[in-house]
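Engineer: give me a model of this one.
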Amino acid sequence: MRKRAFLFGAALAGTLGATASAQDYRLEVLAEGLDRPWALSFLPGTGDIVMTGRGGTVMIHDAESGRIIPIDGAPTVDARGQGGLLDIVPAPDFQDSGYLYMTWAGAGEGGSSTHLGRARLNRDAGTLTDLEVLHVVSPFMEAPAHYGSRIVFADDHLFAGFGDRNSKDFGPDHIAQDLSSENGAVIRLTLDGGIPDDNPFIGQDGAAQAIWSYGHRNIQAMAVHPDTGAIWLAEHGENGGDEINIVTRRGNYGWPLASFGVDYRTGLPFAPPHQEGDGFVAPVYHWGPGRDDNFPPSGMAFYAGDAFPQWQGHLLIGNLRHQYLGLFAVDGETVEPLDRLLSDQGWRIRDVAVGPDDGFIYLISDGEDASLARLVPHD
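Structural biologist: A predicted model of the protein is given here:
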């Protein structure tokens, strides 16, 4: 498909980004007409991009031809509501193993649940083979919403973040505070789906042994910091209260007992905001009433390329409701918003990644007629 190009100017502002000059960029549309894409990742050593569609499709954007190539063998999904085929990430040893790790909503007794599995990509045959289900979040629930979910690899382990399945019990019995459930939690597994012996809740009665952190609402963005190796995530709040968090071992992030959001139904606070000494891990950045309204995030990446040198180390996060790609300066654990990229494009941004070879910024929009595109320097 022939690329379409648009010109933009992104004026950076703010304390942390004061030394960054304005950067013109072009938007190149690589593919159009995609049906509800949810995730994109680069296949190591190829320049090709693998993507999921929520309806249960896996597809590859071939870098050489520009074609979208369908891949058979995806898992069977429950695509009701916010469900379907969700994240997809190549294994750290992909060039040897061929494994692609995926998350998806799957039906079962009691409703549906977020599943985590892997399959081998046979590129020549255009299929996935040897599909394995590595982990199923317990319990299954009726609500077809808040599945999460994102996958990252760090320290030779797999981390996956899940949602709270839209439970409306705002008290201490909320499922995200229930250690017997992985809904509303980040889990840590070995690459073959085993439970590591040093996970924080090993041996604790009634606790799910895979949990690494908990008290999350709906995790739809995760990335590993390129310098520190820390896992960062962004999660949806309740009518505001969206958060950027740094994941810590055994951390309780407070949902729904501490939040900057308000009740969708009443517009009133349902919990105190995060505060010193409340026993919960506070976000490094948040949105909420009176602070930029809200920022429902989906997809995030740290910029570590050469194409946009003044964005080095900055954070990119897709915005769904307000339809832009957020650019944030990061200094240690201090985060400051700098710019709203593509704010005139009218796209709900679903996922974002940085090209490992060219340093361009790749993204997918959301919806039934969505696009795969990239930002490249104007010059």
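
Engineer: helices along the protein, start to end?
Structural biologist: Applying DSSP state H to the chain gives helices spanning 94-97.

Engineer: which residues of the stretch 101-250 of the chain score low on pLDDT?
Structural biologist: Within the stretch 101-250 of the chain, no stretch has pLDDT under 70.

Engineer: which residues of it fall in strands?
Structural biologist: Ranges of strands in the stretch 101-250 of the chain, per DSSP state E, counting those that start in this stretch, are 111-122, 127-136, 150-154, 157-161, 185-189, 211-214, 219-224, 231-235, 243-246.

Engineer: excluding its backbone neighbours, what's nearest residue 230?
Structural biologist: residue 246 (5.4 Å; Cβ to Cβ, 6 or more residues apart in numbering). Glycine gets a C-beta too; all of them are placed from N, C-alpha and C.

Engineer: residue contacts, the one you found?
Structural biologist: 230-232, 284, 333 (Cβ atoms under 8 Å, 6 or more residues apart in numbering).

Engineer: for it, give the beta-bridge partners.
Structural biologist: When bridges are called by DSSP bridges, residue 246 pairs up with residue 232.

Engineer: and it, how far is that from residue 226?
Structural biologist: Going from residue 246 to residue 226 by Cβ to Cβ, to the nearest Å gives 14 Å.

Engineer: how about residue 282?
Structural biologist: Distance, residue 282 to residue 226, by Cβ to Cβ: 24 Å.

Engineer: try residue 259
Structural biologist: According to Cβ to Cβ, residue 259 stands 30 Å off from residue 226.

Engineer: swap in residue 135?
Structural biologist: From residue 135 over to residue 226 the distance is 27 Å, taken as Cβ to Cβ.

Engineer: higher neighbour count, the two?
Structural biologist: Neighbour comparison, residue 135 and residue 226: the larger count goes to residue 135, with 20 against 13 (by other Cβ atoms under 10 Å).

Engineer: setting aside sequence neighbours, what's the nearest residue to that one?
Structural biologist: Distances taken as Cβ to Cβ, 6+ apart put residue 116 closest to residue 135, at 4.3 Å, once the chain neighbours are dropped.

Engineer: the one you found: what's it in contact with?
Structural biologist: When contacts are counted by Cβ under 8 Å, 6+ apart, residue 116 is found next to 101-103, 133-137, 149, 151, 160, 189, 193.

Engineer: can you report how many residues lie near residue 108?
Structural biologist: When neighbours are counted by other Cβ under 10 Å, residue 108 comes out with 12.

Engineer: now residue 254
Structural biologist: Around residue 254 there are 26 residues (other Cβ under 10 Å).

Engineer: doesn't residue 273 make contact with it?
Structural biologist: No: when contacts are counted by Cβ atoms under 8 Å, residue 254 is not listed as touching residue 273 (9.6 Å).

Engineer: which among the contacts of residue 116 count as buried?
Structural biologist: Among the contacts of residue 116, the ones that count as buried by 16 or more other Cβ atoms under 10 Å are 101-103, 134-135, 137, 149, 151, 160, 189, 193.

Engineer: which one of those residues is nearest residue 316?
Structural biologist: Distance to residue 316 across the buried ones among the contacts of residue 116 (Cβ to Cβ) is lowest for residue 151, with 17.9 Å.

Engineer: run through the bridge partners of that closest one.
Structural biologist: residue 160.

Engineer: hmm, it is touching residue 87, no?
Structural biologist: Yes: the criterion here is Cβ under 8 Å, and residue 151 meets it with residue 87 at 5.0 Å.

Engineer: common neighbours of the two, please.
Structural biologist: The contact sets of residue 151 and residue 87 overlap at 101-103, 160 (Cβ under 8 Å, 6+ apart).

Engineer: of all pairs in these, which one is the farthest apart?
Structural biologist: It's 102 and 160 that sit farthest apart of the shared contacts of residue 151 and residue 87, by Cβ to Cβ, at 10.4 Å.

Engineer: partner residues bridging residue 31?
Structural biologist: Those that pair with residue 31 in a beta bridge, by DSSP bridges, are residue 372.

Engineer: isn't it right up against residue 372?
Structural biologist: Yes: applying Cβ under 8 Å, one finds residue 31 in contact with residue 372, separated by 4.3 Å.

Engineer: so for residue 362, which of the strands of the stretch 101-250 of the chain sits nearest?
Structural biologist: Short answer: strand 219-224, nearest of the strands of the stretch 101-250 of the chain by Cβ to Cβ, at 14.0 Å.

Engineer: ok, residue 46 - contacts?
Structural biologist: Each residue near residue 46 by Cβ under 8 Å, 6+ apart is listed here: residue 63.

Engineer: measure it to residue 355 for me?
Structural biologist: 12 Å.

Engineer: give me the residue at the spatial middle of this protein.
Structural biologist: The centroid of the chain falls nearest to residue 221 when counting by Cα atoms, centre = their mean (2.3 Å).

Engineer: what pairs with that residue across the strands?
Structural biologist: Per DSSP bridges, the residues bridged to residue 221 are residue 234.

Engineer: give me the neighbour count for the nearest residue to residue 157 once chain neighbours are set aside.
Structural biologist: Using Cβ to Cβ, 6+ apart and skipping residues adjacent in sequence, the residue nearest residue 157 is residue 188, 5.4 Å away. Using other Cβ under 10 Å, residue 188 has 24 neighbouring residues.

Engineer: OK, contacts around residue 188?
Structural biologist: By Cβ under 8 Å, 6+ apart, the residues touching residue 188 are 157-159, 196, 199, 210-212.

Engineer: cutoff 10 Å now
Structural biologist: 154-155, 157-160, 195-196, 198-200, 209-213, 231, 247, 249 (Cβ atoms under 10 Å, 6 or more residues apart in numbering).
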